[in-house]
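> Pasting the sequence and the predicted coordinates here, then a few questions.
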Amino acid sequence: MNTTILSSTFLLTLLLAVGLFFFIRASVKDRTEQVRLIAQEPEESLLTQLQQYFDQRAYRVAAVDAATHQVTFQGFVRPSWFLAIFLTLLAACGILCLSLVLSLLYPTLSYLFFALVLLAPAAGVFYWKKAGRSEQVCLKVEAVPTQDTSLQSLITVTAHRDELQELQQALKLKPLA
């Protein structure tokens, strides 16, 4: 086989391996966001609903600041078995591809390159250790008067973006425009 073809294939495979590395690293990245939501309910009933929602999601009240109407919930986010296995399989596939190209370039070391596939479970272990962590949700609820003399509630939530989506869907809250 042509050395130029092997070299370019190696370069492309190496670039894919770098992308895979950063994909695995990004699987544990903190994705905390802040969003402001509007609810058509008064502040007291909304606080009760929020308390029940977070109790169901295994969060507990960590701090309450009555002066600023801010509540902080804390809970443990478990890592996903599916994602740990998926990342391990992706790493195995990526390392296998890199090993194939390297074994074509250096045929005498092919067994050593294929042994690198044994490192693939490190991706799943990395995810499992870093993804399981304690997370906080900070809520601030304020009453907002409307034009027709009814009260709406403005909720400022700081949490993981997946938790924010679940909260919006469960309590049918709308983002502030």
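Received the coordinates, thanks.

> When you work out contacts or count neighbours from here on, use the C-alpha atoms and nothing else.
OK.

> neighbouring contacts of the strand of greatest length in the chain?
Determined from DSSP state E, the single longest strand within the chain is strand 133-145. Strand 133-145 is contacted by residues 42-43, 47, 68-78, 151-160 when judged by C-alpha atoms under 8 Å, 6 or more residues apart in numbering.

> Can you say which of those are buried?
With burial judged by 16 or more other C-alpha atoms under 10 Å, the buried subset of these is 42-43, 47, 70-75, 151-160.

> Can you tell me how far residue 26 is from residue 71?
According to C-alpha to C-alpha, to the nearest Å, residue 26 and residue 71 sit 29 Å apart.

> just residue 100 next, same as before
The value you get for residue 100 to residue 71, if C-alpha to C-alpha is used, is 54 Å.

> now do residue 63
Applying C-alpha to C-alpha to residue 63 and residue 71 gives a distance of 6 Å.

> Check residue 97 too.
Residue 97 sits 50 Å away from residue 71, going by C-alpha to C-alpha.

> go on, residue 21?
From residue 21 to residue 71 the distance is 38 Å (C-alpha to C-alpha).

> next one: residue 168
Using C-alpha to C-alpha, residue 168 is found at 17 Å from residue 71.

> got it, and residue 59?
The value you get for residue 59 to residue 71, if C-alpha to C-alpha is used, is 12 Å.

> what does residue 108 give?
Applying C-alpha to C-alpha, the value for residue 108 to residue 71 is 63 Å.

> Help me confirm that residue 168 comes into contact with residue 161.
No. Using C-alpha atoms under 8 Å, residue 168 is not in contact with residue 161; the gap is 10.7 Å.

> I figured residue 175 hits residue 39, correct?
No. At 9.1 Å, residue 175 does not count as touching residue 39 under the criterion of C-alpha under 8 Å.

> tell me which element the nearest residue in space to residue 121 that is not next to it in sequence falls in.
Using C-alpha to C-alpha, 6 or more residues apart in numbering and skipping the chain neighbours, the partner closest in space to residue 121 is residue 88 (5.2 Å). Residue 88 belongs to helix 81-105 when elements are defined using DSSP states H and E.
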